[in-house]
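A.B. asks: coords below, sequence missing:
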């Protein structure tokens, strides 16, 4: 069932593409998610709502070598590090980060995906450097969670 809002408790899946520098394996074997894992040309990273894809992270996986990570909606909404500051470093305003349902239905270029949602700011970003702050925070949040589907190298 599609709803107009994404609840705070919802789990969100994100595909981590194999071979695109979206993560790195540290010497101790831990895996760090890179901010590149959330990069998006429209500055609105796509996620899938777990409850609308039967909590099957494979739904989000595009290729068998890709990994899938997860976030919690409330943690995304609590991000408070995406701010616009003046030349002296004084806060002008803080961006409000939210998760919006953006189901893909009857798109000629993309397969249907009723679970699709996007992480978006209010107001819109004024430049990519501000967007990068969001990417860095999302990578930290994702790195704090277990992989839903580990990347190829960790499954072997």
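C.D. replies: Okay, I see it. Keep in mind that what you see is a predicted model, and the values were worked out from it rather than measured.

A.B. asks: In the chain, spot the helix with the most residues.
C.D. replies: The longest helix of the chain (DSSP state H) is helix 128-143.

A.B. asks: Okay, buried residues for that one please.
C.D. replies: Buried residues in helix 128-143, counted by 16 or more other CB atoms under 10 Å: 130, 131, 132, 133, 134, 135, 137, 138, 139, 141, 142. No exception for glycine: its C-beta is placed from N, CA and C like everyone else's.

A.B. asks: Where does the prediction get shaky in this structure?
C.D. replies: Within the chain, the ranges that satisfy pLDDT under 70 run 1-3, 156.

A.B. asks: tell me what the host helix or strand of residue 32 is packed against?
C.D. replies: Per DSSP states H and E: residue 32 is located in strand 31-33. The contact analysis (3 or more CB pairs under 8 Å, 6 or more residues apart in numbering; DSSP states H and E) places strand 31-33 against strand 23-25, helix 128-143.

A.B. asks: now those in CSV, with distance to residue 93?
C.D. replies: Converted to CSV, the helices and strands packed on strand 31-33 look like this (distance: least, CB to CB, whole Å):
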stretch, distance to residue 93
strand 23-25, 32
helix 128-143, 11
